[in-house]
Each structure stands twice: as structure tokens, then as C-alpha cells.
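Novice: this one's sequence-less:
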């Protein structure tokens, strides 16, 4: 497809504003992009007329004498993204403006395992409509939506290939969303991938990292140089099914000895002798709170269970580092809540098993956000698409 120079230049200018919002002027954009001053000014005027950029004050360029330039920033009263996170015992919606700031969020906690699929889909549609109404009341215009699901999504982002805990197979969740909510089509992806995209600072810095997400199962989002890697079929990041012991316990996936059976939420509950059925952090019964409470109280059985899970998780993640050589491991989902106990074990195992540990010291950090990360990352992916391709918004 031929490249539209104007579209490419608009995207280049808008990314500069997004990356240095409030700290860059027209002259700064000209210097950063190599575009001449008149072209940079013309691009900014078009972006301002389209409701994407605004003037936010004066800024003196460090290398220029004379009058200070006018600083530019993203508008927070224009396009907005809707993120929807569907999990086994809750549905969450989130609206963010162009800056990535949260403007609306709502969670409905209800166990959806075994429920009729149409009931779940109707609930998603109602929540999406409610989010749209809230966004419009706040002066925002939804420019699209994205849906996070706990399962495998095909490479085109069109259908849920398999979400076993919800009983979904070959299902297009986005078909139920009102057309005026998501525009041409809603995006669809695994919850771990969208959770990885909630790490806005890492994305903006172009970092490479592995985001480990654990709620019911264990998954990961792989981000390379600031870009999500989804694999040839859309199945990347299924680390919960890395084999720890081929003769180990049977996994619901049909194989044996998967990581989930040793370091997943259910495995930790079994090891701590907590009899409650597993529940997510935003769900009806957030069982990670029970685990954390016992750990804080110094319960020996719980501390040993967390140490064992951390060592096993770290062993698997060291193997991922040997393959991917990323600089950071982000602990999300329940691992964020349990990071004080699991994190040190992961760090020790990575230092012992990562072949590059002698020369590099990968950072292990807790995620910036908790259970809201998938919905937030999904919403931010929508506005990021506007920043990367503003011509579509301008031409609407």
C-alpha cells in the first residue's frame, strides 16, 4: 500500500507531542523530526483543528535565543478509548482520554462460569453502552473499543479461539457491541497482552519487557522495543503451559506438568490449604486477599507455598529471558499483590538460571496497576492507535 506522506508526517508530529506533552513547541517538533518549520507548523495547526493537540503555555528552547515558543500538549476533551475486560467472575469497563488518563471505570462482579453465553454477551453490551454515555456526558467521543478475554485469540483479533474457563470457543465477542460504540470494529486480544500495554512509561520509552499476568491461569504479554509481540497465530505468551515436569499433574489443557499447576492461583491455594474456590482480584471472592493476609501474619505454610511458587515461576521466566533477552520482568495480576513474597524468589532464580546474568541484571518489578490493568491497557491501545494514525480520526 502506498505511503501517504501527509498521514505519516501527522503521525510523526503527534507522537512527538504525546511523548513530550507540555514540553515541546513547534520549533522543537521541527528539530526532532527534521521537518522544516513551516511544515511542522502546518501539521500542528491541522492537529489542533482536529481536536488532538492544544497550546499549553510558553517554552523556551534551550538552544534558541529570543522569544519562548508555545508549548504543546495532547487534548483531554476529544477522542477517548473504551476498554472492556471479561473474566470468569467479573466484567470491567474503562474509558481513557487521549493522554491515557482514566475518565470512567466500572466493575460488575458476578461469577460467569457456566452462565449462558448470550447472558454474558448482553452484560458486556450494556456495560459498553453505559461507558459510552458516561464518556459523552464528560465531553468525550469514543473513537473505538478493545475487549480483553482470558483465552486464546486468533492472529487477526477477530474471534476467541478458546477461553476454557468461560466455555467459549470460536466466538466473536465484538459482534455484540453497539456499532456506534466501537466504530468500524472492536479490537480483541488476550487479557495478558492488554495488561502489558497498561505500562505506559515502559511503552513510551520503547522498552522490552515480559509482563506476567496471573488471575485464574498464568499468561504473559511480550513487549519488544515498545511494541506488543503476538506471534504468528496470536498465541504468544502462553507461559502457563510451559512444561515444568512432563510427568507432573494433569493440566486442563490436556498436557502434564504445566507451570500453572505449580505456580498458578489454584496451585498456591492448594499449597496453603485454603479451601475457597479460586476467585480473581475484582471478582466475587478475591482469594488472593486471603493468601496475602496469611503471609502478612507470618503463616509458615503460606510463606513456604509462596516461596515454592516464586522459585518455580522464576525458573520458567529465566528460560524466557534466555530466549528473549528482555530487560524487565513485570509481575502483574495476583503476582503484583504477592510480589513482596514471590518477587525475591523470582529474582534469585533469574540470577541463577539466566545465562546473561553475569553481564546483565534484568529488573523484576511489580506492575504499575493491579486487576484493572487489562481494561486500562485495552482502552489505552485504542487511543494509541489514534496517535499512531491520526489521519483516520481527522477524516471522520
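Specialist: Arrived safely, thanks for sending. Treat the numbers as computed from the prediction; the structure is a model and nothing was measured.
Novice: next, count neighbours for the closest residue to residue 379 other than its chain neighbours.
Specialist: Closest residue to residue 379 apart from its sequence neighbours, by C-beta to C-beta, 6 or more residues apart in numbering: residue 83 at 3.1 Å. Glycine gets a C-beta too; all of them are placed from N, C-alpha and C. Neighbour count of residue 83, defined by other C-beta atoms under 10 Å: 32.
Novice: is it correct that residue 83 falls within a strand?
Specialist: Yes - counting by DSSP: H, G, I helix; E, B strand; the rest coil, residue 83 is found in a strand.
Novice: domain-wise, how is this protein divided?
Specialist: For the chain, automatic domain parsing gives the domain ranges 5-74, 79-197+374-394, 201-369.
Novice: can you put those domains in TSV and add mean pLDDT?
Specialist: Shown next, in TSV, are those (pLDDT from 0 to 100):
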stretch	mean pLDDT
domain 5-74	85
domain 79-197+374-394	88
domain 201-369	92
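Novice: returning to what we had before: got the contact list for the residue nearest to residue 379?
Specialist: By C-beta atoms under 8 Å, 6 or more residues apart in numbering, the residues touching residue 83 are 93-96, 145-148, 194, 374-382.
Novice: give me that answer again for 7 Å
Specialist: 93-94, 146, 148, 375-379 (C-beta atoms under 7 Å, 6 or more residues apart in numbering).
Novice: what sits against residue 89?
Specialist: 109-112, 279-280, 283-284.
Novice: cool, residue 247 as well?
Specialist: Residues in contact with residue 247 (C-beta under 7 Å, 6+ apart) are 256-257.
Novice: any of the contacts of residue 83 buried? List them.
Specialist: Listed as buried from those are 93-94, 146, 148, 375-379; burial here means 16 or more other C-beta atoms under 10 Å.
Novice: quick one on the thing from earlier: of the contacts of residue 83, closest to residue 52?
Specialist: residue 379 (17.0 Å; C-beta to C-beta).
Novice: how about the strands in the stretch 251-396 of the chain?
Specialist: Using DSSP state E, counting those that start in this stretch, the strands of the stretch 251-396 of the chain run over 328-331, 363-366.
Novice: nearest to residue 256, out of these?
Specialist: strand 328-331 (25.8 Å).
Novice: and that closest one, what other elements does it pack with?
Specialist: In terms of contacts (3 or more C-beta pairs under 7 Å, 6 or more residues apart in numbering; DSSP states H and E), strand 328-331 is packed against strand 209-214, helix 339-353, strand 363-366.
Novice: reformat the ones you listed as CSV; add mean neighbour count.
Specialist: Formatted as CSV, the helices and strands packed on strand 328-331 follow (neighbours: other C-beta atoms under 10 Å):
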stretch, mean neighbour count
strand 209-214, 28
helix 339-353, 19
strand 363-366, 18
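Novice: export these to TSV and tack on distance to residue 289?
Specialist: What follows is these, written out as TSV (distance: least, C-beta to C-beta, whole Å):
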stretch	distance to residue 289
strand 209-214	14
helix 339-353	14
strand 363-366	16
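Novice: ok, which of those comes nearest residue 395?
Specialist: Closest to residue 395 of the helices and strands packed on strand 328-331, according to C-beta to C-beta: strand 209-214, at 33.6 Å.
Novice: what sits up against that closest one?
Specialist: The contact list for strand 209-214, computed with C-beta under 7 Å, 6+ apart, reads 191-192, 195-196, 199, 202, 219-223, 264-265, 317, 320, 324, 326-335.
Novice: cutoff 6 Å now
Specialist: Strand 209-214 is contacted from outside by 192, 195-196, 202, 219-221, 223, 320, 326, 328-335, using C-beta atoms under 6 Å, 6 or more residues apart in numbering.
Novice: and what of stretch 332-341?
Specialist: Counting by C-beta under 6 Å, 6+ apart, 195, 211-215, 265, 288, 292, 295, 306, 331, 342, 366-367, 370, 373 sit against stretch 332-341.
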